[in-house]
Every structure is written in structure tokens, then in C-alpha cells.
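Q: Return atomic coordinates for the entry below.
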Amino acid sequence: MTAVDFFMDFAKMSLFMFLAQFLRSRVKLLQKILMPSSVVAGLLCLLLGPQFLDIVHFSPAASSYSSVLIVILFSSLFLGKQHRENFKDTMKHAGDTLLLNSAVYFGQYGVALLVGGLLLHFLYPAINNGFALLMPGGFSGGHGTAVTYANALEQLTGWEEAMTVGQTFATIGILFGVLVGTFLINFATRKGATRFISHISELPDSMLTGLVPEEERESLGHATISSMSLEPLVWHLSLVLIAAGGGFYLTDIIHSFLPQLNLPTFSLGMLCALLLQFLLDKLHLGQYVHRDVTARIGNTATDYLVGFAVGSIKVSVVVKYAVPLLIVSLLGMAFIIFYVLVICPKLFRNFWFERSIFIFGWSSGVCAIGITLLRVVDPESKSHTLEDYSMAYMFMSLIEMVIIAALPGLVVAGHQYAVGAIFLLIFSALLFLCSRIYGVFKGKYSDLRPGEKEIIG
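A: Modelled structure (predicted):
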């Protein structure tokens, strides 16, 4: 493996990203289903790779890039000034969002580990205990979390196929999110549940083609230092890479002293990012880190992560586990659809569908899919769904980090059913708490709720 091999892998993937975006801007089918270009790029790699047409080849290391890119992604999350709310204020302004977004997270893991785990144990007794865990990891966590779990399962149990299974679940989740999400939007518009659009055809061309005209363009972020000193993008990228590199160093140090302890590198990268931001604040440099720029760096890593992850799926492993993949995927899909169409309409205070379609997107195909679907039904962000979610995520992210770090070890140790039952109890408790605090809405999908009429205006 040489520097040229590394460069050419990313150059080839960049070419596929370009081709995918070109196809998205021209092919009506891709526009109608809102297919992310990074997924298209990965599918092109798969089609043209050794498993099918055998035209394009990547280096042997390409399949491991996802495990590095996920560390870069998570290391970018806590760099830059962010608006922070205390728990009391969050519950006042976005309490139903916090409770219902947290509930679907615990519910999906609970259903997968308990119900999915029992089904697989009954039908396929020899299957790896971590198989069911990879479904919610791939659905709500996307390719990043799927890679994290797969790495942990491979290290703990030697299950080399975990990576392909996790990436397959994540790809299924994204396809499910965009395809069924588009169907749900059409369904909601017919039922009168959407508040800002009456038909999906009202979408602007920029959302369909992915090409934004000049009058709709937004800034990527602010230049916080002078380019005469250092290019602002280099400044922000260096901070993200320092945190990510620190995560890898910490992993090696901890493993050398405690070889039996397997902490995911991404969580140590997040810890290094928090420590780095704390240090920057103490040195009065924190104000020169712009959150939008570090977020863009993380999103860039995500797009390449998805491309390499989808492109390196081993079709033979997918065929081998086709039926278990289908069973657990259908279980996860059924839970998400039930949650969005039955529970959310009863418990959200206002703009239930706008908030619910965001939940549907991120719990099946990562946050970016949720944002994409939300922008379809709320193009001007009048429902304040993202603002409320960003307030709630400050608390959710801490819980999520602990769960992702601890779950593989607990599952491998044989505690998956107990953990699944506990998660379902937490899921039920969160829904009960939401109903007690904010009440249960008993009207129709189309009925206006408190505060909606004034905002719709």
C-alpha cells in the first residue's frame, strides 16, 4: 500500500461521486425517490467492481477506509461553538421532540435485540449473537455506526462477515428511508396531514436535481482566521484530524495497558474533540472555530464513508445471510412505520407529520435522510423541527455515545435479551412520560393543533 494507492482510491471514488451527482441531476427516477448521490456512487463501484463487471479496482485497503472515516466524522461533532440549553429549557421548548426521538431509538434497539434476537436464535441457532444488533446500528446509525459495531464484533468474536452485514443493513435502511419516506409524504399530503405543501410536485428543482441555483445558495461557513496566516479550511481540518488522531493514539495506549478492554475508537475521538475544544476555549481560541465548517468536514467524511461502504459490500455474504437480513430488516421497518403513523400523531404537540417524517428518515437512513425528507414537507423550516432536534440532541448524543460503546460487549457476553427488554421498558416509559406531560391528541391526521394556524398564517 503506497501513498499513490491511497490517493487513487479517493480519486476513483471522487469520479464516481461526480458521475452519481450528474445522474441525479439528469435521471428523473433518482430525483423522484430522492436518492443520495453517495449511495449511487457506491452502487456504481459495486457494479463496475470485481464482483460484477470487473472494470474498476480499488486497493485492498479501500474496504477499511470506512472505519477511519467514521472516526473523522465523530471527531467533528463537538468542535466549534454550539448553542447549549439546560435540560429544563429543552423540556420546555422541545420536550416532546426529546422524548419521542429518544423513544424511537430505544424502541428500535429493543425490538431488534429482544424480538429479532429470539427469532434468529429459533430459526438460525448458529448465527452470531451480534447479527440483530447490526440492524439498528445500520438503520438509525447509518454506515458509520454499522462499521463501528462490525469492527467491535470482529475483534471480540472473529466474525469477519460482520462488516458486510452491517453495511448491508445500513444500505437497506437508506433505500427504505428514501423510497418509503417519499411514499409516506404522498400519503400524508392526500390525508391533509402536511401543513406547508399540498403535493410533492411542489418541490424546487434544486432539491430534485441537487444543483442549487445562485439565488438559493447558502454560505458553507465563516472564515475565522486570515488566509494570509493559514487557509481557514486547513485550520478547521487540522483540528478535526488532531481529535481523530488522538482517538487512534488513545485506543493503542489503552489496549497496551488493558488488552481485554475494547473501546471503540470513534468514542475516544469524540472525547479528544471535547478536550480539544475545552483547551481552545481556555486559550481564547474557541471562538475561531466555526461549527458550520467542522460540520461540513464531518459530512464530507460521511459521503465518502457511504461510497466506500456500499462499494465494498461482499455480495456472496449478502446472499449467504439473505433470509436473516430480510427477517430483521422487515422487523425494523414495521416498527418504524408503526411508530410514525400510530404513535407520533398522538403524542406530538404540533406539526406531527413534519416532525415524524424527520424521525422516520434518521431512524432508517441516518440524519441526512431525515433532513432531506423534512425539507420536502417543510422547505422554509417553519415547523422548527430541526431547531428542536438540535436542542434535544445535546442530551441524546451523550446517551447514544454510551450505548454504542457498550452494546457490542454486552451482546457478545450473552446479555442481548436482557438489554433488549430493558430498552423496551425505557421506550415505554418515555412514551408514558410524554403522554402525561403533553397529553394525547385524539383528532384526525388533518386536524390543526395548538399554534399551527398562527405559524402557517
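Q: What pLDDT does the model give the residue lying closest to Leu179 once chain neighbours are set aside?
A: Spatial nearest neighbour of Leu179, chain neighbours left out: Ile33 (5.5 Å); criterion: CB to CB, 6 or more residues apart in numbering. (Glycine included, C-beta is placed from N, CA and C.) pLDDT, Ile33: 80.
Q: State the number of residues packed around Pro50.
A: Pro50 has 11 neighbouring residues, counting by other CB atoms under 10 Å.
Q: where does the spatially most central residue of the chain sit relative to Ala309, distance-wise?
A: With distances taken as CA atoms, centre = their mean, Val366 lies nearest the centre of the chain, 2.6 Å away. Going from Val366 to Ala309 by CB to CB, to the nearest Å gives 12 Å.
Q: Ok, Asp447 next?
A: On the measure of CB to CB, Asp447 and Ala309 end up 42 Å apart.
Q: Val315 touches Gln51, doesn't it?
A: Yes: assessed by CB atoms under 8 Å, Val315 is found in contact with Gln51 at 5.1 Å.
Q: for Leu220, helix, strand, or coil?
A: Secondary structure for Leu220, judged by DSSP: H, G, I helix; E, B strand; the rest coil, is coil.
Q: so where is the stretch 201-350 of the chain shaky, pLDDT-wise?
A: Along the stretch 201-350 of the chain, the parts satisfying pLDDT under 70 run over 201-202, 260-264.
Q: What residue, apart from its backbone neighbours, is nearest Leu239 spatially?
A: Leu79 (5.6 Å).
Q: residues contacting Pro206?
A: Let me fix one detail, which is that residue 206 is Ser and not Pro. Neighbouring residues of Ser206 by CB atoms under 8 Å, 6 or more residues apart in numbering: 212-213, 216.
Q: Quick check on it: phi, psi?
A: As for Ser206, its main-chain torsions (degrees, to the nearest 10) stand at phi -60, psi -30.
Q: Next, find the distance separating it from Pro36.
A: For Ser206, the distance to Pro36 - CB to CB - is 15 Å.
Q: With Gly439 instead?
A: For Gly439 relative to Pro36 (CB to CB), the value is 37 Å.
Q: quick one: which helix or strand includes Leu34?
A: Assigned by DSSP states H and E, Leu34 belongs to no helix or strand.
Q: May I have the residues that are in contact with the nearest residue to it once chain neighbours are set aside?
A: In this structure, Leu34 finds its nearest non-sequential neighbour in Val178, 4.9 Å apart by CB to CB, 6+ apart. Contact analysis of Val178 by CB under 8 Å, 6+ apart lists 33-36, 365, 369, 372-373.
Q: so Pro345, which of the three states?
A: Following three-state DSSP, we place Pro345 in the helix state.
Q: What about it, how many residues nearby?
A: 19.
Q: Now do it against Asp447, distance only.
A: Distance, Pro345 to Asp447, using CB to CB: 10 Å.
Q: which residues are in contact with both of these two?
A: Joint contacts of Pro345 and Asp447 (CB under 8 Å, 6+ apart) are Phe441.
Q: picking that back up, what's the pLDDT at the residue nearest to the centre of the chain?
A: Looking at Val366, its pLDDT is 70.
Q: my guess is it meets Ile174, correct?
A: Yes: contact criterion CB under 8 Å: Val366 and Ile174 qualify, at 7.1 Å.
Q: Determine the residues that are contacts of both of the two.
A: Common neighbours of Val366 and Ile174 (CB under 8 Å, 6+ apart) are Gly142.
Q: Val212 sits in which helix or strand?
A: Going by DSSP H and E, Val212 is not in any helix or strand.
Q: Run through the helices of the stretch 201-350 of the chain in chain order.
A: Using DSSP state H, counting those that start in this stretch, the helices of the stretch 201-350 of the chain run over 205-209, 232-257, 265-282, 291-311, 315-320, 322-338, 344-347.
Q: got the end-to-end distance for stretch 371-382?
A: 14 Å (CA to CA, to the nearest Å).
Q: Show me what counts as buried in that stretch.
A: For stretch 371-382, a neighbour-count test (16 or more other CB atoms under 10 Å) marks 371-378 as buried.
Q: among the residues you listed, which are in helices?
A: In this view, the buried residues of stretch 371-382 that belong to helices under DSSP state H are 371-377.
Q: Which pair of these spans the longest distance?
A: Across those, the longest distance by CB to CB is 11.5 Å; it joins Ile371 and Val377.
Q: What is the burial count for His236?
A: Neighbours of His236 under the rule other CB under 10 Å: 27.
Q: How about Ser256?
A: Other residues within reach of Ser256, judged by other CB under 10 Å, total 8.
Q: With Tyr339 instead?
A: Tyr339 has 22 neighbouring residues, counting by other CB under 10 Å.
Q: Pull up the gap between it and Phe78, please.
A: 29 Å.
Q: same deal with Gly42?
A: Taking CB to CB, one finds Gly42 at 28 Å from Phe78.
Q: And these two? Which one has more around it.
A: For Gly42 versus Phe78, the count of surrounding residues by other CB under 10 Å is larger for Gly42: 30 against 21.
Q: Quick check: the closest residue to that one other than its chain neighbours vs Lys382, distance?
A: The shortest distance from Gly42 to any non-neighbouring residue, by CB to CB, 6+ apart, is to Val310 (2.5 Å). The gap separating Val310 from Lys382 is 34 Å, by CB to CB.
Q: For the closest residue to Ser198 other than its chain neighbours, give its distance to Pro232.
A: Nearest non-adjacent residue to Ser198, counting by CB to CB, 6+ apart: Thr189, 6.0 Å away. The gap separating Thr189 from Pro232 is 42 Å, by CB to CB.
Q: can you check Leu73 too?
A: Note on Leu73: its distance to Pro232, by CB to CB, is 20 Å.
Q: Please identify which of those two sits among more neighbours.
A: For the pair Leu73 and Pro232, the greater number of neighbours falls to Leu73 (25 against 18), based on other CB under 10 Å.
Q: I'd assumed Arg296 was in contact with that one.
A: No: Leu73 is beyond contact range of Arg296, at 11.6 Å (criterion: CB under 8 Å).
Q: Please verify my assumption that Phe423 contacts Phe106.
A: Yes: judged on CB under 8 Å, Phe423 makes contact with Phe106 at a distance of 4.6 Å.
Q: okay, now Glu387: neighbour count?
A: For Glu387, using other CB under 10 Å, the count is 14.
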